[in-house]
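*Asks:* the following block contains a protein sequence and its predicted model.
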Amino acid sequence: MRISNEGTVKITYCSSHYGHEPSLATANLSEKEYLLILDKLQRHTSDKDVLNEIHDEYEDKKSRMYYVDQDDIKNVRTKFSNLIETWRRWNKSHDIQGKITHTTVRSY
């Protein structure tokens, strides 16, 4: 809270954490986490498949990925929908299904 010389008050707060301690489950996804989800969305057609794979891989409750839910998947899909569709069309036109052994997500 700040009070100016003119008597106005400025208060900065986080409305999503009022009344309780901050929670990892409600924290924003990092850039790396976005990219990990995006990588999975490029390989799966179903959001449920993506979510199941994430829950199989991340069992540590200290990881934000442990708390990824359907809304997180939807948000990443919405944010990167053009990229995901472009990737899928390119894969289909180049017939590379089954030729990729693994993918690496890098953040620059």
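*Replies:* Yep, it's here. Numbering: from 1, shown residues only.
*Asks:* if we ignore the residues flanking it in sequence, what's nearest residue 51?
*Replies:* With C-beta to C-beta, 6 or more residues apart in numbering as the criterion, residue 51 has its nearest non-adjacent residue at 5.8 Å, and that residue is residue 73. The way it works is simple: take the backbone N, C-alpha and C, and place the C-beta from them, glycine included.
*Asks:* tell me the pLDDT of that neighbour.
*Replies:* Looking at residue 73, its pLDDT is 94.
*Asks:* so that it lines up with my notes, have the first residue be 34 from now on.
*Replies:* I'll keep to 34 as the first residue from here, and by that count the last item is residue 106.
*Asks:* do you know how far it is from residue 89?
*Replies:* Using C-beta to C-beta, to the nearest Å, residue 106 is found at 14 Å from residue 89.
*Asks:* neighbour-wise, which of these two wins?
*Replies:* Ranked by neighbour count (other C-beta atoms under 10 Å), residue 106 and residue 89 place residue 106 first, with 21 against 8.
*Asks:* next, the buried residues of the host helix or strand of that one.
*Replies:* Per DSSP states H and E: residue 106 is located in helix 103-112. Going by neighbour count (16 or more other C-beta atoms under 10 Å), the buried part of helix 103-112 is 105-106, 109.
*Asks:* distance check, residue 103 against residue 34.
*Replies:* Counting by C-beta to C-beta, the gap from residue 103 to residue 34 is 37 Å.
*Asks:* likewise for residue 113?
*Replies:* 38 Å.
*Asks:* dump the residue contacts of the nearest residue to residue 80 once chain neighbours are set aside.
*Replies:* Distances taken as C-beta to C-beta, 6+ apart place residue 106 nearest to residue 80, at 4.6 Å, with adjacent residues excluded. Residue 106 makes contact with 70, 74, 80, 83-84 under the criterion C-beta atoms under 8 Å, 6 or more residues apart in numbering.
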